[in-house]
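1. A structural model of the following input is requested.
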Amino acid sequence: MFDRATFPRDKCCGDGLTTLALRELEALGFDPATVASWQRVDDVVIRSPRGTERRYALPEGDGYHAAVATRVDLDNAMLEMARTDGAVIHESMQLTAMTTDEDGADLTFGDQPFRAKHVIAADGMWSPVRKFLGLSVDGYRGEWHAFRQYYENVSPRAASELIVWFEKDLLPGYAWSFPLNGNRANIGFGIQRGSKHYRVGDMKTLWPDLLDRPHIREALGPDARPEGPHKAWPIPARVGRVPLTGPRTMFVGDAAAVTDPMTGEGIGQAILTGRLAAEALLADDEPCAQYRDDVRRELIADDRMARILIPLLAKPTIAGAALKATGATAWTRRNFARWMFEDYPRAMIATPRRWHRGMFTGAGAYQAADR
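-> Below you'll find the predicted structure:
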């Protein structure tokens, strides 16, 4: 495994872990105890565009359905797990050239050549591998753009509750406060490129205005202060509209643009596509076709469902009415929270092949650790 960074390193992210991400991590045998900033989440507080706040409790019982962990901690722990399991890790190695032939790929990192039978490219939205293979998408800058800053000395509420603010002027985007241990929180917001109210270039000047809104200021508390500078990053969300594979190559995570187009969440999808690529390698001498089919089967229907909903949720009246409906009963609140945190696929109701007994009532991830 090659990475241009030296670990531990920060990765600009909202740091939220959906049920999909938790289940994928658990399947790998990943231990949350290796992540210092790991924070379990049991309740979600959502503020509608009209200013109504509702609490959405995730299901009680074995396991849990959401967590937050900084990427500097999470990614380093995953790297160390891979190293312990026998992976050879090359850090501070920048890809400078790549060519392929019918038998494999030749890659150069710095001035060191390497030969591989297949390549799994987990190298981000502006994938160097994609560029060397002539598969880049000219002018592509992502569907979402997000903005994040860590805060310390936050209020007890911000240190324990996951809060989502659906501000009228951000729709279908949103602002968030995700709790981290040690009275810290990841605070940020995301907008879709082409937003009605703001351009990406407006985000820096919008940030202090958001932080000064009374309900956000109150949630963070009077003693909250930033730990460091804010950061921004683009989010690719167009699975199926960029090539999932190239010659002897499978793209995963942001390099495959598999982020959820409705929320901008991508950790679960990144781990899922990484697993599917590895399974295709183990199962088939020509794994790229299998990988393309597997990713499409897992994600395309959900992407289409999300794209149907996005223009509706961009309208404050519709977004407010939808949130009101989902908050009507304990059952609707619980199942909306599960749907939002990808405990089951976005388009489950429209894909009968996924139906199974208990599909809406399953326990959370890490059941054994929760007992």
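2. What is the neighbour count of residue 134?
-> As a burial measure, residue 134 scores 8 neighbours (other CB atoms under 10 Å). C-beta coordinates here come from the backbone N, C-alpha and C atoms, glycine included.
3. List the residues that contact residue 174.
-> Contacts for residue 174 were tallied using CB atoms under 8 Å, 6 or more residues apart in numbering; they are 164, 165, 166, 167, 189, 190.
4. how about the fourth one, secondary structure?
-> In other words, residue 167. Per DSSP: H, G, I helix; E, B strand; the rest coil, the secondary structure class of residue 167 is coil.
5. go on, the first one?
-> The local conformation at residue 164, judged by three-state DSSP, is strand.
6. Please shift the residue numbers so they start at 43 in all later answers.
-> I'll keep to 43 as the first residue from here, and by that count the last item is residue 206.
7. Show me the beta-bridge partners of it.
-> Beta-bridge pairing for residue 206 (DSSP bridges): residue 88, residue 218.
8. In PDB, list the C-alpha atoms belonging to stretch 403-413.
-> Output of stretch 403-413 as PDB, limited to C-alpha atoms (Å, rounded to 0.1, in the frame of the first residue of the first chain):
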ATOM      1  CA  THR A 403     -35.500  -4.000  12.700                       C
ATOM      2  CA  GLY A 404     -31.900  -5.200  12.800                       C
ATOM      3  CA  ALA A 405     -29.600  -4.700  15.700                       C
ATOM      4  CA  GLY A 406     -26.800  -2.200  15.500                       C
ATOM      5  CA  ALA A 407     -23.100  -2.700  14.900                       C
ATOM      6  CA  TYR A 408     -20.700  -3.900  17.500                       C
ATOM      7  CA  GLN A 409     -23.300  -5.900  19.400                       C
ATOM      8  CA  ALA A 410     -20.700  -8.000  21.400                       C
ATOM      9  CA  ALA A 411     -18.900  -4.800  22.500                       C
ATOM     10  CA  ASP A 412     -22.200  -3.300  23.700                       C
ATOM     11  CA  ARG A 413     -23.100  -6.100  26.000                       C
END
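9. got the buried residues for that stretch?
-> Residues 404, 406, 407, 408 are the ones in stretch 403-413 that count as buried (16 or more other CB atoms under 10 Å).
10. Tell me who's in contact with residue 233.
-> Neighbouring residues of residue 233 by CB under 8 Å, 6+ apart: 186, 187, 212, 215, 240, 242, 245.
11. which element is it on?
-> Assigned by DSSP states H and E, residue 233 belongs to strand 226-234.
12. next structured bit after that strand?
-> Next along the chain from strand 226-234, counting by DSSP H and E, comes helix 245-253.
13. Give the next helix or strand downstream of the helix or strand harbouring residue 334.
-> Taking DSSP H and E as the criterion, residue 334 maps to helix 329-355. Remark: after helix 329-355, the chain's next helix or strand is helix 358-368, criterion DSSP H and E.
14. Show residues contacting that following helix.
-> Against helix 358-368 from outside (CB under 8 Å, 6+ apart): 88, 90-92, 94, 96, 98, 208, 210, 213-214, 354-355, 374-375, 378.
15. Could you identify the buried members of the residues you listed?
-> 88, 90, 91, 96, 98, 208, 213, 214, 355, 375, 378.
16. Out of those, which comes closest to residue 172?
-> Of all the buried ones among the contacts of helix 358-368, residue 214 has the smallest distance to residue 172: 27.7 Å, by CB to CB.
17. Doesn't that closest one belong to a helix?
-> No - assessed with three-state DSSP, residue 214 is coil; it does not lie in a helix.
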